[in-house]
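Asker: What would the 3D arrangement of this be:
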Amino acid sequence: MPRDSFVHLHLHTEYSLLDGAIRIKELMKKAAEFKMPAVAMTDHGNLYGAIEFYQEAQRAGVKPIVGCEAYIAPRSHKDRPNSMRESAYHFTLLARDETGYHNLIKLISTAHLDGFHYRPRIDKELLAQHSAGLIGLSGCLASEVNSAIQANKIDSAKQSAAEYRDILGTENFFMEMHDHGMEEQRQCNCVLPKIAKDLGVGLVAANDVHFLRRSDHDAHDVMLCIGTGKMVQDENRMRYKPELYFKSAEEMREIFRDFPEAIANTLKIAEGCNLEIELGKSKYPEYPVPEGISREAYLRDLCAKGLLERYGDRAKSDPQLQQRLDYELGVLEKTGFISYILIV
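Answerer: Predicted structure coming up:
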């Protein structure tokens with residue numbers, strides 16, 4: 001990848017519902033226009049747009065990096081805190097390969113099925129169980145690390161970062177830096193490099209992209225009001241800076257000119273992410289069977305019992321019944337439908 005380029009690794013498409021305002025086709029056109037070698041998709045707590053993103057990136061000649069801005073519960077993902085603010089921290093996850101993609105799917109599915117309370121949440125224990133093939137970035141101002149820094153709990157921030165490092169591995173965890181001109185970000189950016197050095201992990205620059213062009217800010221602000229149930233003229237409401245747009249490599253390099261490593265690591269991460277999703281082929285789930293028996297043998301045993309139950313003694317005396325059963329089971333085995341039949 002060109003050393004003078006940059007890759008956006010924290011980006012919200014239209015699938016960050018009522019928060020992201022980037023249509024995927026337009027994103028790929030802009031990435032190609034900027035001659036960016038890759039781009040990531042990290043929508044809030046979901047992978048709704050993953051396949052569309054992957055396909056459009058391939059058409060545009062841009063490497064797709066499938067990811068998610070996950071919600072991490074402070075303790076267990078099954079806890080039920082009293083408020084949304086207490087329910088979860090933000091954490092950026094990227095799939096490095098097919099294993100990582102499958103683990104990301106597992107994490108997000110579990111978050112929606114078992115951990116949904118205000119938001120679809122996972123926890124560190126779950127992340128540790130499904131960490132293979134994943135890269136983690138410490139996250140935005142709403143992350144666990146940055147929340148601790150903003151509360152002047154530097155030791156706590158370092159401890160949290162160390163936990164993520166130990167889960168993902170030193171080479172797969174990075175301290176994520178943003179700069180939209182906010183004092184809170186400057187406060188965090190003064191501490192993150194030291195934590196990274198102490199823990200032996202890298203820095204990475206990101207822009208938490210929510211809209212494509214600076215001029216899209218006002219339209220995005222209206223959408224944000226719809227999502228939060230507020231009026232544009234309300235003073236006490238969530239607002240985003242106009243800086244959260246898809247910036248060029250030159251703009252990002254200028255913003256992080258004092259942290260060239262953070263820019264270079266976007267390319268390093270992109271080079272290490274080589275996910276290939278096999279499309280156009282049916283994938284059937286594998287039905288769990290008792291240990292020591294194959295699915296084919298298990299289905300055959302069930303069918304033999306069913307044959308006896310339906311036909312009684314005739315099941316043993318009429319060879320045509322057994323021949324018919326053998327033929328039909330043979331067809332299922334050849335076509336790979338054994339698990340499907342067991343499920344339905």
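Asker: Hmm, residue 91 is touching residue 140, no?
Answerer: No: if you go by CB atoms under 8 Å, residue 91 and residue 140 don't touch, sitting 9.3 Å apart. The C-beta positions use only the backbone N, C-alpha and C, and glycine is treated the same way.
Asker: and for those two, which residues touch both?
Answerer: residue 69 (CB atoms under 8 Å, 6 or more residues apart in numbering).
Asker: Please compare the two by neighbour count and tell me which comes out ahead.
Answerer: residue 91 (24 against 20; other CB atoms under 10 Å).
Asker: mind checking pLDDT for that one?
Answerer: As predicted, residue 91 sits at a pLDDT of 98.
Asker: host element of it?
Answerer: In the assignment (DSSP states H and E), residue 91 maps to strand 89-95.
Asker: same thing with residue 99?
Answerer: helix 98-113.
Asker: Against residue 122, how distant is the residue positioned nearest the centre of the chain?
Answerer: For the chain, the residue nearest the mean C-alpha position is residue 68 (2.6 Å; CA atoms, centre = their mean). Distance of residue 68 to residue 122, computed by CB to CB, to the nearest Å: 10 Å.
Asker: Any chance you could list residues touching both of the two?
Answerer: Joint contacts of residue 68 and residue 122 (CB under 8 Å, 6+ apart) are residue 108.
Asker: which outside residues touch the helix holding residue 99?
Answerer: For helix 98-113, using CB under 8 Å, 6+ apart, the contacting residues are 45-47, 66-68, 70-71, 77, 93-95, 120-122, 126-127, 130-135, 275-277.
Asker: can you do 6 Å?
Answerer: 47, 95, 120-122, 130, 132-134, 275 (CB atoms under 6 Å, 6 or more residues apart in numbering).
Asker: following it, which helix or strand shows up next?
Answerer: strand 116-117.
Asker: angle of the helix holding residue 99 against strand 89-95?
Answerer: Computed by axes from the mean of the first three to the mean of the last three CA atoms, to 10 degrees, the angle separating helix 98-113 from strand 89-95 equals 150 degrees.
Asker: Could you pull up the residues touching residue 62?
Answerer: Contacts of residue 62 (CB under 6 Å, 6+ apart): 28, 31, 39.
Asker: whoops, I mixed them up, residue 271
Answerer: Per CB under 6 Å, 6+ apart, neighbours of residue 271: residue 1.
Asker: quick one: what helix or strand has it in it?
Answerer: Counting by DSSP H and E, residue 271 is part of helix 260-272.
Asker: Tell me which of the contacts of residue 62 fall in strands.
Answerer: Per DSSP state E, strands hold the following members of those: residue 39.
Asker: Tabulate the contacts of residue 62 (JSON lines), appending neighbour count, pLDDT and distance to residue 149.
Answerer: Output for those, formatted as JSON lines (neighbours: other CB atoms under 10 Å; pLDDT from 0 to 100; distance: CB to CB, whole Å):
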{"residue": "28", "neighbour count": "22", "pLDDT": "98", "distance to residue 149": "35"}
{"residue": "31", "neighbour count": "24", "pLDDT": "97", "distance to residue 149": "31"}
{"residue": "39", "neighbour count": "26", "pLDDT": "99", "distance to residue 149": "28"}
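Asker: re the thing from before, can you give me the buried ones in the helix holding residue 271?
Answerer: 262-270 (16 or more other CB atoms under 10 Å).
Asker: now swap in stretch 59-79 and tell me
Answerer: Buried-residue list, stretch 59-79, by 16+ other CB under 10 Å: 60, 62-74, 77.
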